[in-house]
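In: A predicted structure for the sequence below; I have some questions about it.
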Amino acid sequence: MALLIILGSIAVLTLLIVILLGIGVKKNSDADQGSVMYPKGYWLGRGIALGLLLGVPLGLIVGFVTGNLGLGIALGPVSGMGFGSIAGSIFEKKHKNNIRALTDDEKRLQRMLLVFVISFLVLGFSVLFALFYLYSRM
C-alpha cells in the first residue's frame, strides 16, 4: 500500500513538473524565439526549483499517509529534484538554439555559489558528526 502511494506521488510529481514547465515556456513566434537568449543551465535550474516546490509538499503528504514523516521529508525533495532535473534537461535540449554561454560575471557568481554550498555542506556534516559523537559518549 505504501509503495503504491509513493509511486503514485512520484507520477503526480512528474506530471505537475512537466505541466508547470510547459506553461512557463513562452509561446512566441519563430522570429521572437531567436531573439530571446537564456544562459546555459537556465532551464535545468528552473526544473529543479519547480521539482523542489512540488516535491516537498508531496513528500509530506506521503509521510502523513504512510505514518512515517521522516520518509516523506527525505523522499519528497530528492524525488522532486530528480524529476525536476530530468524535465529541466529536456527543456534545455528543446531550447538549445536559444542558449548562450555564461558571461564572466555569471561564471564568477556560479563559482562563488559552489564554494558557499560546499562550505555549508561541510559545516553541516561536521555539526551532525559532532552531535552523533557527543550523544554516543553520553
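Out: Cool, got the structure. Numbers count the residues shown, from 1 in each chain.
In: Assign the most centrally placed residue in the chain to helix, strand or coil.
Out: By Cα atoms, centre = their mean, the chain has its centre lying nearest to Ile48, at 2.6 Å. Three-state call for Ile48 (DSSP: H, G, I helix; E, B strand; the rest coil): helix.
In: Let me see the contact set for it.
Out: Contact analysis of Ile48 by Cβ atoms under 8 Å, 6 or more residues apart in numbering lists 81, 84-85, 88. Where you see a C-beta, it was placed from the backbone N, CA and C, and this is true even at glycine.
In: Top of those by number of neighbours, please.
Out: Neighbour counts for the contacts of Ile48 peak at Gly84, which has 28 neighbours (criterion: other Cβ atoms under 10 Å).
In: Output the contacting helices and strands for the strand or helix carrying it.
Out: Secondary structure from DSSP states H and E places Gly84 in helix 69-94. For helix 69-94, the contact count by 3 or more Cβ pairs under 8 Å, 6 or more residues apart in numbering; DSSP states H and E identifies helix 2-24, helix 42-66 as packing neighbours.
In: if you compare these, which one is most tucked away?
Out: Scoring these by mean neighbour count under mean count of other Cβ atoms under 10 Å gives helix 42-66 as the most buried, with a mean of 19.
In: what angle do that helix and helix 2-24 make?
Out: 150 degrees (axes from the mean of the first three to the mean of the last three Cα atoms, to 10 degrees).
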